[in-house]
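Asks: show me how the following folds:
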Amino acid sequence: MVSRPVDYDEDDVAVRAARYDVFINHRGADTKRNVARLLYDRLNQLTGGGVRSFLDNMSMRPGDRLEERIDAAIRECRVAVVIFSPRYFHSDFCLRQLAALVEARKVIIPVFYDIKPSQLVLPPAVVECKDYLPRDIERFRLALREAKHTFGLRYESATGDLAELVSAVANAVQQRIEEMQSGQRRQIVVSRL
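Replies: Numbering: from 1, shown residues only. Take a look at the predicted model:
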């Protein structure tokens, strides 16, 4: 067997480095069968598969190690859509993923689904839970504070139009990704000068 050197184009390497463009963080009990899945499908339709989205039940295969796969998707993504909902705070996974996204300084597009930004506060049951270390509680609080102060989209299921919400979120994601790609192209041009 003969091995040959492989030449990589800088653009190809950048594409491979970001396996997922979007990470969708959500509370499955509230949003998996509606806004999260619809957003995943809409992003795929809008771009013909050009925007790669991570949604746990759509992106994972049997045998994948849950935390490893999710952590890798968070590291690789460019943009995160965080769908806050009434039971979001009851999920250890949601809180840890949000903290990881904020700590990794990802662009976060918050969606307030039947919840107001002012309600992004850790419930006493989480704060008092012995399963969390004090540093975990502080990480969660900082992440929620960051999300609370990030402009997002609001939706009330009693009066809102879900199709409009999904379109607005998908358009916001697409716009952010295009801005990032444009910025990367400018940096490549400048670095070649």
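Asks: show me the shaky parts of this structure.
Replies: 1-18, 184-193 (pLDDT under 70).
Asks: strands of this structure, start to end?
Replies: 22-26, 53-54, 79-84, 107-113, 153-155 (DSSP state E).
Asks: starting at the chain centroid, how far to the fourth one?
Replies: Between the mean C-alpha location of strand 107-113 and the chain-wide mean there is a distance of 9 Å, by Cα atoms, centre = their mean, to the nearest Å.
Asks: partner strands of it, parallel or antiparallel?
Replies: Sheet pairing of strand 107-113 (DSSP bridges) gives strand 79-84 (parallel), strand 153-155 (parallel).
Asks: most tightly surrounded among those?
Replies: Stretch with highest mean neighbour count among the strands paired with strand 107-113: strand 79-84 (a mean of 27; mean count of other Cβ atoms under 10 Å). For every residue, glycine as well, the C-beta is placed using N, CA and C.
Asks: dump the C-alpha coordinates for that strand into PDB.
Replies: C-alpha atoms of strand 79-84 as PDB (Å, rounded to 0.1, in the frame of the first residue of the first chain):
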ATOM      1  CA  VAL A  79     -24.600  29.300  16.000                       C
ATOM      2  CA  ALA A  80     -26.900  27.900  18.700                       C
ATOM      3  CA  VAL A  81     -30.600  28.200  18.900                       C
ATOM      4  CA  VAL A  82     -31.700  27.900  22.500                       C
ATOM      5  CA  ILE A  83     -35.400  27.300  22.900                       C
ATOM      6  CA  PHE A  84     -36.500  28.300  26.400                       C
END
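Asks: what does that strand contact?
Replies: Residues outside strand 79-84 that contact it (Cβ atoms under 8 Å, 6 or more residues apart in numbering) are 21-27, 30-31, 35-36, 39, 74, 98, 101, 106-113, 115, 120, 147, 169, 173, 176-177, 180.
Asks: repeat that for 7 Å
Replies: 21-26, 31, 35-36, 39, 98, 101, 106-113, 115, 120, 147, 169, 173, 176-177 (Cβ atoms under 7 Å, 6 or more residues apart in numbering).
Asks: ok so, going back, export the strands of the chain to JSON lines and tack on distance to residue 92?
Replies: Putting the strands of the chain into JSON lines (distance: least, Cβ to Cβ, whole Å) gives the following:
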{"stretch": "strand 22-26", "distance to residue 92": "13"}
{"stretch": "strand 53-54", "distance to residue 92": "18"}
{"stretch": "strand 79-84", "distance to residue 92": "15"}
{"stretch": "strand 107-113", "distance to residue 92": "19"}
{"stretch": "strand 153-155", "distance to residue 92": "24"}
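Asks: just list whatever residues bridge to the one residue sitting closest to the centre of the chain.
Replies: Geometric centre of the chain, nearest residue: residue 80, 2.4 Å, by Cα atoms, centre = their mean. Here residue 80 sits in beta bridges with residue 23, residue 108, as judged by DSSP bridges.
Asks: fine, thanks again, bye for now.
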